[in-house]
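Visitor: What would the 3D arrangement of this be:
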Amino acid sequence: MADLKLKSIQIRNWMKFRNVHLKFPERGLVVVTGHNLASNGALQSVGSGKTGFGEAICHTLLGVSSHFDHVGDYSLDTNGDTYICLEADFLGKPLKVEMGYKCKELKSSGEALQYTYGEGQPKSRGRVEQTREDLLKLLGVPQLLARWTVFVDGDNLKFNKLSQAQCVELVMSALRQPPWNDYHEASKKVLGKFKQAIAKDEATHAEAARRVREAEQDVEDAQSEVDTQAEAYKQRKAKNDKIIKEHTTAIAAKDAEVVKMQERRTVIAKLVEESVQAKAGAYHKLEIEANAINDRIQSLQVKLRPLISERDSAIKAHTQAETAHSNYKNSAKVCPTCRRPMTGPIDETHLAGLAEALESAKTVVDEKKKAYELHQGKIQAQRDLLEQNRQRTAALGVEEEMENLRSEDEELEESISTAQNEIHQKQLALNSAKTAVSDAALKEAQTTLKERQRVLAQSKEAVDKAATELASSGAMLGVLEYWNMAFSPYGIPNMVLRDAIAPLNREAKRVSSVMTGGTIDVTYDTRKELASGMEKAQLVVKVDNKLGSQDLRGSSKGEAGLTNFIIAETLSEVGQISRRIGFRWYDEVLPNQDPVVCKSIYQYLRQVSNRLNIVTFLVTHDPNAANYADHVLVIEKSGVPPDITGIAKFTGQAELA
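Guide: Numbers count the residues shown, from 1 in each chain. From the prediction side, this is the model:
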C-alpha cells in the first residue's frame, strides 16, 4: 500500500484550464491523450495541455515541473486568480495542498502555498520556498529525485548530462541518505575558518593582553582625576555653604524685624481706632479720607520700586556706554587694559555707533529719571493732601500724641517695604548660591572611571577567553579534521554507495530484462582508486548494449532514451518511490522507441501500477497506448483566441463522475 494516494484535484486559471475538478482512480495505468480542437484541424493532440495538467499535480505537491519555476507564470493573465487544490491521503491521514497566485482562497497578493495534514491547521511560512521545504520533508522525496522518478520528463531524462556530484546526490536521495556533500562542504568551511582562528589565537591573546595593560593605565588616570575633582568640589561646596548660611541668617533677622514692625503697626492702629471712636461725624469723615490717601500713597510706593530699579539700570547702562565711548575714543593714546600706547587707527564708524549708543542711553536715563520724579511728585501730592487732612483733624482737637502715632505708622510702613525688598534681594542671592556650585565635573570624571573600569573588565575577560580558546584549539582541530574526512567522498558516502551497488545492479538487470529482453544491460560501480590508495564516492554507469554502442554517449536516441528510462526506473524501485509517492507521471518518455519496445513498456507500467496499487500517468501521442490502459484521461483544448479553454476528463471503461 502506497504512503500517498491521490484523491482529487481542482484547477483554476492554470495555463488554458479555466476550471477543472477531477477525481483520480484508485490504481492502474492512465494513458493521457489530447485533442487540440482549437487548431481547427491543423494539430491533433500537440499543444492540448497534457504536460500542463501533469505540472499542476507535480508542481503543487513536489515543486517540480517542465515549463516554469513560478506559479505566476502559469496564470492565464496578469490578473492571476490561479488556484490549485490537490487532495490526497498520506499515511492514512488526509493531506490537502493548496497553491495559487493572487487568489482569494489563500488571501495572497502574489504566489502562495499551504498544506493541511490530518486534523491540523493549514501550514504556511513567510516564504513559499520555506513552506515547500517543510512539505518535501513531510513527503520524504527531494526535488532532484522527484524529477527522475515522479515527474519523468522525456526531454530532461539525460543521466549522462548530470555532473558527478548530481549523480551521487541522486542515488543518495533515492537511498534516503542525508546530503553528505553539503555536510562535507559545510565541514570544510568550518575547518578552514577554525584553522584561520587558530592562526589568529596567539595574536588575539597578545593583543588582548596589551589592551589590558592600556586599560589599567586608563583606570589609574581616571581615578586620579576623580580624586582631584572630588577635592575641588569639596572646597567649593564648603565656601558656598558659608555664603548660604550668611544669607539665611540675614533673611531670618529681617523677617524678625518685619514681624516686630507689623506688630507695632497693629498697636498703633488700635490706639488710633480708640481715639477715632471718641470723635464722630467730621473726624470719622477725615479718617476715611486719610485712609484713602494712605492707600493711594501705599499703592504709589509699590509702583515706585520698579521705577527705581529701571532708573538705576538705565544709569548703569549709561555709565557703561559712556565708559565704552570714552575708552574707545582714547584708545589711540593709551590702552585701557595694559596702559601702553595703541598703534591701531580709530574706526570712526564704530566710534559714531558708540556715541549714538551713549546718547541713546542718556535719553533713556532722562526718561527714567523723569518718570521717577513724576511718580515722586504724585506721592508728594498725596502726602500734601494727608498733611492737610492732619491739620483739619488737629483743628478738630486731635492730640499731638495721635499725630505722632500716625507719623510713626507711616515710617513703619516705609521701613517694612524697604525690609521686604531687602529680603527679596537676599532670597535671590540665596537661590543663586544654592546652584552656584556644580558637581558636573566630578560626575563626568566618575562616569569616565566607571567606563574605563568596564573596558578593563572586558579586556581581562577577553584575555581569559583567548587563553581558553588557545588551549582547546589543538584538540578541536583534530575533531574537525576527523569529521571533515568522514563527510568527504572518501568516508561515509563512499561506504553507502559501495553497499548500494549490489541492489542497484539487481534492480537494473530486472528492469532491463522486462523492457528490452536483456538487449541493454545497465550496471553501476563506485570503486575509484586514487593515487593515495583511498576510494572516492564516484558513481560509474556501464552500458552493455548487445546491438549498439557500449558508451551511453554514442548510443542512438532510442537506445539512449531507453537506457535513461531504465536508470530512472532503477532509482524508483531502489528508492521505493512508488510506495512513498503513490503515483508517477511519465511525460513523453517514449518518443523515439519502436512499437516492440513501446508494447513491452506499456505492459510493464500497467503490471507495476496494479501490483503496487498506484496510479501511473503516461503522456503519449501513440494511439495504440490506449489499448493497454486501465483508464484514459483526455485533455481537450477548444475555443478560439483569446477564449481558448482546456478541460480534463476520463473516458472509456474507467470514466469517473
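
Visitor: Please make it C-alpha for all contacts and neighbour counts, starting now.
Guide: Will do.

Visitor: Am I right that Phe617 sits in a strand?
Guide: Yes - secondary structure assignment (DSSP: H, G, I helix; E, B strand; the rest coil) places Phe617 inside a strand.

Visitor: ranges for the helices of the stretch 101-250 of the chain?
Guide: Under the criterion DSSP state H, counting those that start in this stretch, helices of the stretch 101-250 of the chain are mapped to 128-139, 143-149, 164-174, 180-278.

Visitor: May I have the secondary structure class of His621?
Guide: Each residue gets one of three states, and His621 gets coil by three-state DSSP.

Visitor: Which elements pack onto the top strand by length along the chain?
Guide: Selection of the longest strand in the chain by residue count, based on DSSP state E, yields strand 4-14. Contact here means 3 or more Cα pairs under 8 Å, 6 or more residues apart in numbering; DSSP states H and E; on that basis strand 4-14 packs against strand 17-23, helix 50-62, strand 82-90.

Visitor: Quick one, which of the ones you listed gets closest to Ala648.
Guide: Comparison of the helices and strands packed on strand 4-14 against Ala648 by Cα to Cα identifies strand 17-23 as nearest, at 6.7 Å.

Visitor: Export the closest one to CSV, keeping only CA atoms.
Guide: Written as CSV, here are the backbone C-alpha positions of strand 17-23 (Å, rounded to 0.1, in the frame of the first residue of the first chain):
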residue,chain,number,x,y,z
PHE,A,17,-7.5,25.3,-17.8
ARG,A,18,-10.2,27.8,-16.7
ASN,A,19,-11.9,25.5,-14.2
VAL,A,20,-11.3,21.7,-13.8
HIS,A,21,-12.4,19.4,-11.0
LEU,A,22,-11.2,15.8,-11.4
LYS,A,23,-11.3,12.7,-9.2
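
Visitor: Please compute how far stretch 623-631 lies from its chain's middle.
Guide: Relative to the mean C-alpha coordinate of its chain, stretch 623-631 is positioned 58 Å out (Cα atoms, centre = their mean, to the nearest Å).

Visitor: What's the mean pLDDT across it?
Guide: Averaged across stretch 623-631, the pLDDT comes to 89.

Visitor: Show me where the stretch 301-450 of the chain has its helices.
Guide: Listed in chain order, the helices found in the stretch 301-450 of the chain under DSSP H, counting those that start in this stretch are 348-395, 400-434, 440-487.

Visitor: Using JSON lines, please lay out the ones you listed together with distance to Leu6, mean neighbour count and mean pLDDT.
Guide: Formatted as JSON lines, the helices of the stretch 301-450 of the chain follow (distance: least, Cα to Cα, whole Å; neighbours: other Cα atoms under 10 Å; pLDDT from 0 to 100):
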{"stretch": "helix 348-395", "distance to Leu6": "100", "mean neighbour count": "16", "mean pLDDT": "87"}
{"stretch": "helix 400-434", "distance to Leu6": "88", "mean neighbour count": "15", "mean pLDDT": "83"}
{"stretch": "helix 440-487", "distance to Leu6": "38", "mean neighbour count": "16", "mean pLDDT": "72"}
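
Visitor: how about low-confidence regions in the stretch 501-650 of the chain?
Guide: Low-confidence segments of the stretch 501-650 of the chain, defined by pLDDT under 70: 501-504, 507-508, 514, 516-519, 523-559, 574-575, 592, 640-644, 646.

Visitor: pretty sure Phe68 belongs to a strand, no?
Guide: No - secondary structure assignment places Phe68 outside any strand; it is coil (three-state DSSP).

Visitor: Tell me who's in contact with the residue nearest the centre of the chain.
Guide: The centre of the chain sits closest to Gly126, judged by Cα atoms, centre = their mean, with a distance of 14.7 Å. When contacts are counted by Cα atoms under 8 Å, 6 or more residues apart in numbering, Gly126 is found next to no other residue.

Visitor: Quick one, grab the pLDDT at it.
Guide: Gly126 carries a pLDDT score of 86 in this model.

Visitor: quick one: it and Ala625, what's the gap?
Guide: When distance is defined by Cα to Cα, to the nearest Å, Gly126 is 44 Å away from Ala625.

Visitor: Please work out how many residues are found near the residue nearest to Ser109 when sequence neighbours are not counted.
Guide: Taking Cα to Cα, 6 or more residues apart in numbering, and ignoring the residues beside it in sequence, Ser109 has Lys102 as its nearest neighbour in space, at 4.6 Å. Lys102 has 21 neighbours, counted by other Cα atoms under 10 Å.

Visitor: Quickly, which of the helices of the stretch 101-250 of the chain bottoms out on average pLDDT?
Guide: Mean pLDDT, when computed for each of those, is lowest for helix 164-174, at a mean of 64.

Visitor: can you give me the helices in the stretch 551-657 of the chain?
Guide: Using DSSP H, counting those that start in this stretch, the helices assigned to the stretch 551-657 of the chain run over residues 557-574, 577-580, 595-612.

Visitor: Adding mean neighbour count, write those out as CSV.
Guide: What follows is the helices of the stretch 551-657 of the chain, written out as CSV (neighbours: other Cα atoms under 10 Å):
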stretch, mean neighbour count
helix 557-574, 22
helix 577-580, 21
helix 595-612, 17
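
Visitor: Which among these is found nearest to Gln301?
Guide: Between Gln301 and those, the shortest separation by Cα to Cα is 107.9 Å, and it involves helix 577-580.

Visitor: how about the helices and strands packed on strand 4-14, which one is nearest Pro306?
Guide: Nearest to Pro306, of those and by Cα to Cα, is strand 82-90 at 85.8 Å.

Visitor: what residues does that closest one touch?
Guide: Contact with strand 82-90 is made by 3-14, 56-57, 60-61, 72, 75-76, 94-103, 105, as judged by Cα under 8 Å, 6+ apart.

Visitor: Please repeat the previous calculation with a cut-off of 6 Å.
Guide: Residues from elsewhere that reach strand 82-90, judged by Cα atoms under 6 Å, 6 or more residues apart in numbering: 3-14, 75, 94-101.

Visitor: related to what we said a few turns ago, TSV please, covering the helices of the stretch 551-657 of the chain and showing distance to Gln44.
Guide: Listed next are these as TSV, based on distance: least, Cα to Cα, whole Å:
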stretch	distance to Gln44
helix 557-574	24
helix 577-580	32
helix 595-612	20
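
Visitor: Tell me which of the ones you listed lies nearest to Glu216.
Guide: Using Cα to Cα as the criterion, the shortest distance between Glu216 and those is 67.2 Å, found for helix 577-580.

Visitor: Sort out which residues of stretch 200-209 are buried, please.
Guide: Buried positions in stretch 200-209, judged by neighbour count with 16 or more other Cα atoms under 10 Å: Asp201, Thr204, His205, Ala208, Ala209.

Visitor: now the closest residue to the third one other than its chain neighbours: how far from Ala208?
Guide: This points to His205. Excluding its sequence neighbours, the residue lying closest to His205 (Cα to Cα, 6+ apart) is Ala466, at 5.2 Å. Distance of Ala466 to Ala208, computed by Cα to Cα: 8 Å.

Visitor: Equivalent analysis for Glu98, please.
Guide: Applying Cα to Cα, one obtains 57 Å for the distance of Glu98 from Ala208.

Visitor: Could you do Lys102 as well?
Guide: Computed with Cα to Cα, the distance linking Lys102 and Ala208 is 57 Å.

Visitor: And Phe151, by the same measure?
Guide: 59 Å.

Visitor: go on, Pro595?
Guide: Here Pro595 is placed at a distance of 79 Å from Ala208 (Cα to Cα).

Visitor: likewise Val455?
Guide: Looking at Val455 against Ala208, where the rule is Cα to Cα, the gap reads 11 Å.

Visitor: likewise Arg265?
Guide: 82 Å.

Visitor: any idea which of the helices of the stretch 101-250 of the chain is most buried?
Guide: When neighbours are counted by mean count of other Cα atoms under 10 Å, the highest per-stretch mean among the helices of the stretch 101-250 of the chain falls to helix 143-149, a mean of 23.

Visitor: Which other helices and strands does it contact?
Guide: Judged by 3 or more Cα pairs under 6 Å, 6 or more residues apart in numbering; DSSP states H and E, the packing partners of helix 143-149 are helix 557-574.
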